[in-house]
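Enquirer: coordinates for the following, if possible.
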Amino acid sequence: MDKIAIIITTFLRDNLLYKTIQTIMNNLPEKCIILIGDQNPTEQKLHQYSLKNIYYYGLPYDCGLSFSRNYLVEKAACLGIDYVLISADSIPFNKKYDFNPIIEFLKQNENYGLVGLSDNSLPWNVDMKLIPGAYWALDIPRKSPLFYQDIKFQPCDMVGNFFLAKTECLLENKWKNELKLCEHESFFYDLSLTKWKVFYTDYIVAQHIIAHTEPLYDSYRKRIYGEFRTKLQEIYGIKGWVTYSSDLKQAFARWKIATKR
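Expert: Okay, here's the model as predicted:
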């Protein structure tokens with residue numbers, strides 16, 4: 001299997017990070033390494049994560065998700081790693097995943113950029129359209145799926161923050177560093193304007209932890225609805241954020257019933 005860098009960004013959730021890293025180490029696939037980008041680094045954590053197959057990077061305090069991901073993708077490239085798994089401190093591994101079929105699928109076409117995976121959260125594998133001056137209109141994917149090794153790959157414009165990508169794709173299409181939060185729609189909309197194709201599969205299913213977080217983390221996180229949503233709107237000249245089609249609302253409702261959330 002090709003080598004994969006598992007990218008974990010973290011900020012003010014040390015206990016959650018520790019538990020998640022333990023599950024990944026216990027289920028680490030062959031030829032995978034972990035790159036941790038910590039926006040609140042300490043010497044204690046540096047020593048704690050000085051383990052085989054882990055690279056711990058102390059980043060500037062509150063540098064943001066975009067900066068953290070861009071930094072770690074560049075580190076993966078410097079290490080000569082062609083594929084990265086974008087993950088989070090809230091996505092533990094509950095088994096040893098086989099990423100081989102997904103990498104082989106990405107190799108089928110030079111323009112295949114990334115494949116979104118399931119983390120059991122809301123189904124964010126959607127199509128998106130920017131309505132000038134207004135918002136992004138999100139809808140269920142409308143393109144015909146592709147099948148490789150009997151695995152379904154659904155073309156779409158946007159997936160959740162748990163995906164396997166070609167390092168080259170992410171080097172060419174970086175997150176906007178000024179968006180410490182509210183970076184998601186921006187990244188995938190910009191990517192949709194390039195040659196790179198996005199897909200989704202539920203071949204890999206992880207379990208996203210809806211964490212009860214520390215008050216300090218919450219205070220930073222809530223900026224997504226104020227400061228950084230405003231910045232996002234200014235960048236794209238829109239007054240709103242996102243709207244959902246009726247079909248997507250129904251998909252969300254079915255998901256809530258199935259997961260009892």
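Enquirer: residue ranges with poor pLDDT in the stretch 151-261 of the chain?
Expert: 211-213, 261 (pLDDT under 70).
Enquirer: can you pull out the helices in it?
Expert: Using DSSP state H, counting those that start in this stretch, the helices found in the stretch 151-261 of the chain span residues 167-172, 184-192, 215-221, 227-236, 246-259.
Enquirer: which residue lies nearest the spatial centre of the protein?
Expert: residue 161 (2.3 Å; CA atoms, centre = their mean).
Enquirer: who are the contact partners of that residue?
Expert: Residue 161 makes contact with 86-88, 184, according to CB atoms under 8 Å, 6 or more residues apart in numbering. For glycine as for every other residue, the C-beta is placed from the backbone atoms N, C-alpha and C.
Enquirer: kindly present those residues as CSV, with separate columns for secondary structure.
Expert: Converted to CSV, those look like this (DSSP: H, G, I helix; E, B strand; the rest coil):
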residue, secondary structure
86, strand
87, strand
88, strand
184, helix
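Enquirer: of those, which pair is most distant in space?
Expert: 87 and 184 (14.4 Å; CB to CB).
Enquirer: who's more crowded, these two?
Expert: Using other CB atoms under 10 Å, the more surrounded residue of residue 87 and residue 184 is residue 87, with 24 against 20.
Enquirer: so that one makes contact with residue 164?
Expert: No: contact criterion CB atoms under 8 Å: residue 87 and residue 164 do not qualify, at 9.6 Å.
Enquirer: identify the residue nearest residue 37 in space, chain neighbours excluded?
Expert: Leaving out its chain neighbours, the residue that sits closest to residue 37 by CB to CB, 6 or more residues apart in numbering is residue 68, at 4.1 Å.
Enquirer: and for the helix or strand hosting residue 103, what's in contact with it?
Expert: Per DSSP states H and E, residue 103 falls inside helix 100-106. For helix 100-106, the surrounding residues in contact (CB under 8 Å, 6+ apart) are 1-2, 4, 83, 112-115, 117, 148-149, 151, 153, 164, 166, 199, 201, 203-204.
Enquirer: switch the cut-off to 10 Å
Expert: 1-2, 4, 29-31, 82-83, 85, 99, 112-115, 117, 146-151, 153, 163-166, 169, 197, 199, 201, 203-204 (CB atoms under 10 Å, 6 or more residues apart in numbering).
Enquirer: could you list the buried residues of whichever helix or strand comes after that helix?
Expert: Toward the C-terminus, helix 100-106 is succeeded by strand 112-118 as the next helix or strand (DSSP H and E). By 16 or more other CB atoms under 10 Å, the buried positions in strand 112-118 come out as 112-118.
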